[in-house]
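J.: Here is my input; please provide its structure:
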Amino acid sequence: MIKELTRKAKIAKGVLVEGGITEFLISVLRFSERQIENLLRRGKQKQAKHLINTRANYTEILNANFLNSKSSYKATKKGPYSVAWVIPPPGKGSGGHMNIYRFIKFLEEAGHACHIYIYTNTAKPGDLEKLHVMMGDSYPEIVAKMSWITSSRQIKEHDAIFATSWETAYVVFNAPRASKKFYFVQDFEPFFYPRGSFYYLAENTYRFNFFGITAGKWLANKLSSEFGMRCGHYDFGYDKTAYFLKNTGKRKEIFFYARPITERRGLEMGILALDIFHKQHPDYIINFAGWDMSDYEIPFPYENQGIVEIGNLNELYNRCVLALVLSYTNMSLLPIELLGSGTIPVVNNSPNNYEVSDNKYIKYTDNNPISLAAAMDEIVTNKLQIDYARKAAESVKQTGWNRSGSAFIELFENEMKIND
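T.: Alright, predicted model coming up:
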């Protein structure tokens, strides 16, 4: 250290003698700048370390020893029951959240008391008032109160607890053991990720010994056959007061469910197919809805509808002869709603879709741009298009949500009578 200081002092003296005071001060300034840069660089290197992100709470995952743990639920009580729901924070236009609230309402109408825990993996909970404003009138009206939580320790005693996503499943697993544990499964969530940690952290939750109530038959079959999970399912429905046939004339528009933030909705595949279709039928207006697409370069003219309020969807659907709705995991709720409005859904042909609904007016098609465009061409060139729209709407008249709600309540109440 002393030798280094002596060396630098000799250098400074030499600069002062040979270059004068001005050169000496410039050298000091440059030396100081280099020292500051080195300090900043070292500081940035320390700050650049990445935290281990497990999406679900790290501690909750470690505590969820599902290989060596058993539930202690005893079916000693008759209903009505106290039911907790642990959900991720709701978002505007989130069909999954609206569906959760729909089934909470069914439970309340059956006499059960519900409480909603909004789980966030951050230290700072959100503002409930702002959340209510964001939800507006689009969410079903329920009695259940909402609370923010960041830990399973904040969940009170309930007769039953529902997990609603893989992140919340870890929280529910660590919640009071005396509660009956359910899993409200709307999609196969490992498919949301590449084959990595998140994929398998999500997949492991299907081994938690929760009773699964799934959206459609495909999920129930998959979870029971691949993971040994006990499951029941409800069939998809739609709100007949929101979606109905009103345009009985010729339609010159089409609809595309465009969700760039949701890879399973196949944005790129859809655009490729629509590009082919537009070249064949440039007179048809193409509506994009589901997300604001203004920041995207689309190679053909389109109408950017963004996130459409539920109250305005039927008007849009009734202008469209068909709707391109791709899904690479569980089927979207949209095809049944679209049929109610007389709009023919074009959907990729795979078990995750046709096992959910075998309605003959859903146009299941091979998953490539050429086949999808050909299916759309076939629909718009159908000379009996108007009559076909009417028959499509008639085909789902018995598919209301009340039937789904009855199936759900029956599954829930029967399971509450079984010891774990």
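J.: low-scoring stretches of the stretch 301-420 of the chain, by residue?
T.: Within the stretch 301-420 of the chain, no range satisfies pLDDT under 70.
J.: where along it do the helices fall?
T.: 310-318, 334-340, 351-354, 369-380, 385-394, 401-415 (DSSP state H, counting those that start in this stretch).
J.: Nearest to Ser225, out of those?
T.: When the helices of the stretch 301-420 of the chain are compared by Cβ to Cβ, helix 351-354 sits nearest Ser225, at 11.8 Å. C-beta here means a position set from N, CA and C on the backbone, and glycine is covered the same way.
J.: Alpha carbons of that closest one, as PDB, please.
T.: Taking C-alpha atoms only, helix 351-354 is exported to PDB below (Å, rounded to 0.1, in the frame of the first residue of the first chain):
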ATOM      1  CA  PRO A 351     -58.400 -32.300 -27.900                       C
ATOM      2  CA  ASN A 352     -58.200 -29.300 -25.600                       C
ATOM      3  CA  ASN A 353     -60.900 -27.700 -27.700                       C
ATOM      4  CA  TYR A 354     -63.200 -30.400 -29.100                       C
END
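J.: hmm, back to that, now the helices of the stretch 301-420 of the chain as TSV including mean neighbour count and distance to Tyr101?
T.: Listed next are the helices of the stretch 301-420 of the chain as TSV, based on neighbours: other Cβ atoms under 10 Å; distance: least, Cβ to Cβ, whole Å:
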stretch	mean neighbour count	distance to Tyr101
helix 310-318	18	13
helix 334-340	27	17
helix 351-354	18	24
helix 369-380	19	33
helix 385-394	17	26
helix 401-415	17	12
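J.: could you redo those as TSV and give each row distance to Pro282?
T.: As requested, the helices of the stretch 301-420 of the chain are exported to TSV (distance: least, Cβ to Cβ, whole Å):
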stretch	distance to Pro282
helix 310-318	21
helix 334-340	23
helix 351-354	29
helix 369-380	12
helix 385-394	18
helix 401-415	39
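J.: Nearest to Pro260, out of the ones you listed?
T.: Using Cβ to Cβ, the nearest of the helices of the stretch 301-420 of the chain to Pro260 is helix 334-340, at 16.4 Å.
J.: what are the ranges of the helices in this structure?
T.: Per DSSP state H, the chain carries helices over the ranges 2-47, 58-63, 95-109, 128-135, 166-173, 197-204, 217-227, 267-280, 310-318, 334-340, 351-354, 369-380, 385-394, 401-415.
J.: Tally up the residues packed near Met229, please.
T.: 22 (other Cβ atoms under 10 Å).
J.: residue contacts, the closest residue to it other than its chain neighbours?
T.: In this structure, Met229 finds its nearest non-sequential neighbour in Leu223, 4.3 Å apart by Cβ to Cβ, 6 or more residues apart in numbering. Taking Cβ atoms under 8 Å, 6 or more residues apart in numbering, we find Leu223 in contact with Val185, Phe188, Tyr206, Gly212, Thr214, Met229, Cys231.
J.: ok, how many other residues are close to Leu201?
T.: Residues near Leu201, counting by other Cβ under 10 Å: 21.
J.: go on, Phe277?
T.: Counted with other Cβ under 10 Å, Phe277 comes out at 26.
J.: for Ser350, same thing?
T.: Neighbours of Ser350 using other Cβ under 10 Å come to 16.
J.: Renumber starting at 27 from here on
T.: Sounds good: first residue 27 from here, last item Ser376.
J.: Can you give me the distance of it to Tyr264?
T.: Counting by Cβ to Cβ, to the nearest Å, the gap from Ser376 to Tyr264 is 21 Å.
J.: now swap in Ile297 and tell me
T.: 27 Å.
J.: again, but for Pro216
T.: For Pro216 relative to Tyr264 (Cβ to Cβ), the value is 28 Å.
J.: Which residue of these two possesses the greater neighbour count?
T.: Tyr264 (22 against 18).
J.: Tell me if I'm right that the more buried one and Leu360 touch.
T.: No: Tyr264 lies out of contact with Leu360 (Cβ atoms under 8 Å); the separation is 9.2 Å.
J.: Please enumerate the shared neighbours of the two.
T.: Contacts common to Tyr264 and Leu360, judged by Cβ under 8 Å, 6+ apart, are absent.
J.: Pick out the residue closest to the middle of the protein.
T.: Gly122 (6.4 Å; Cα atoms, centre = their mean).
J.: Tell me which residues touch it, please.
T.: By Cβ under 8 Å, 6+ apart, the neighbours of Gly122 are Gln212, Asp213.
J.: if we go to 6 Å?
T.: Residues in contact with Gly122 (Cβ atoms under 6 Å, 6 or more residues apart in numbering) are Gln212.
J.: what's the spacing between it and Leu154?
T.: 20 Å.
J.: quick one: low-confidence ranges for this structure?
T.: Ranges of the chain meeting pLDDT under 70: 27-63, 65-74, 119, 149.
J.: how's it carved up into domains?
T.: 84-263+433-441, 279-425 (automatic domain parsing).
J.: okay if I get those domains as TSV plus distance to Phe270?
T.: Output for those, formatted as TSV (distance: least, Cβ to Cβ, whole Å):
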stretch	distance to Phe270
domain 84-263+433-441	14
domain 279-425	6
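J.: To Tyr269, which of the ones you listed lies closest?
T.: domain 279-425 (3.7 Å).
J.: and stretch 163-172, how far out from the chain's middle?
T.: 19 Å (Cα atoms, centre = their mean, to the nearest Å).
J.: Just the terminal-to-terminal distance for it.
T.: 17 Å (Cα to Cα, to the nearest Å).
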